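K.L.:
3D, please:
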Amino acid sequence: MKRILFIVYLLLLQTSYAQSSNKKEILYDENWNPIEAQLFRYKIKEKRFVYKLIENDTAYIGKIFLREEIGKITLDDKRTLLESLKSLTSKEVDSNKIIVINFFEKENSCLTSYRSDRKYKKLVSQNPKVEQFFVTEKGYMYQKKDVYEDTNNSIKELLFQYPFRCGNYIIIKTDGSFLRHLGEHHQDKILEKINEDW
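P.N.:
The predicted structure is shown next:
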C-alpha cells in the first residue's frame, strides 16, 4: 500500500512540475511503445512491472519495465535450451525435471550473495524434481565451478532479453511453462513458485 501511495505521489509531483515548467510528459510501456498516463498508472500498480522516471531539459520521461512474466516456450526452444545448458556445463540435463536458471549480468551484479545462500541451495538440491543452474552473461567469468558463463549468448538471447542487472531467474516446467522474474528477489520465493500453478 505504501508503494502505491508513493507511486501516486511521484506521478502527481511529476504532473505538477510538468504543468508549471511546460515540459512534455512522455510515457512508454515495456516495449518502448508510447502510452497514455492512465494506462501507465494502471500498469505500475501491477506487481509484474516496475518503472523509472527521468527528467531532461525538455520532458519528463517514464518507462515501464517487465518484472515478472508467465508464458510457455516451444519444444524447439526447450531443446535448444537443454543443448545450450549441456554445452555450458558439460552435463546431461534431464528434460523431465523443472529447470531453474539464475542469470546474472556483469554490471552491478549481486551473484555472490545469491550463490552463497547455502540454505536455499541445499533445499533445491534435495528436491529430485529440480535442476538448478547459475549462469552469467558472456564476458562475465565468475571464478566458481558451479557458475557457468553464457559463452555464446544462447541463454540470454533465448530467455533474458530484458535488461536487469541484479538477480534474474526463470523456472521452466517440463511442459515448457515458465515463470521469469527480472531483478532482485528473495530466493525462498523460487521454491514457493516452483510448486504454484501458473
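
K.L.:
Now the helix or strand containing residue 121 - C-alpha only, CSV.
P.N.:
Taking DSSP states H and E as the definition, one finds residue 121 inside helix 118-125. Extracted in CSV, the C-alpha atoms of helix 118-125 (Å, rounded to 0.1, in the frame of the first residue of the first chain):
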residue,chain,number,x,y,z
ARG,A,118,23.6,-22.3,1.5
LYS,A,119,20.2,-23.0,3.0
TYR,A,120,18.5,-22.2,-0.3
LYS,A,121,21.0,-24.3,-2.4
LYS,A,122,20.6,-27.2,0.0
LEU,A,123,16.8,-27.2,-0.3
VAL,A,124,16.9,-27.1,-4.1
SER,A,125,19.5,-29.9,-4.2
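
K.L.:
Now do that helix: distance to the chain's middle.
P.N.:
Centroid displacement of helix 118-125 relative to its chain, using Cα atoms, centre = their mean, to the nearest Å, is 21 Å.

K.L.:
what sits up against the following helix or strand past it?
P.N.:
Moving toward the C-terminus from helix 118-125, the next helix or strand (DSSP H and E) is strand 130-136. Here strand 130-136 makes contact (Cβ atoms under 8 Å, 6 or more residues apart in numbering) with 85, 88-89, 93-94, 97-106, 109, 111, 114-115, 121, 124-125, 142, 146-150, 155, 194. Where C-beta positions appear, they are placed from N, C-alpha and C, glycine not excepted.

K.L.:
what mean pLDDT does strand 130-136 have?
P.N.:
Across strand 130-136, the average pLDDT comes to 93.

K.L.:
Let me see the domain layout of the chain.
P.N.:
2-66, 69-194 (automatic domain parsing).

K.L.:
For the protein, just list every one of the strands.
P.N.:
For the chain, the strands defined by DSSP state E cover 24-28, 49-55, 59-66, 68-72, 98-104, 130-136, 147-149, 168-172, 177-181.

K.L.:
most tightly surrounded among those strands?
P.N.:
Mean neighbour count (mean count of other Cβ atoms under 10 Å) peaks for strand 168-172 among those, with a mean of 23.
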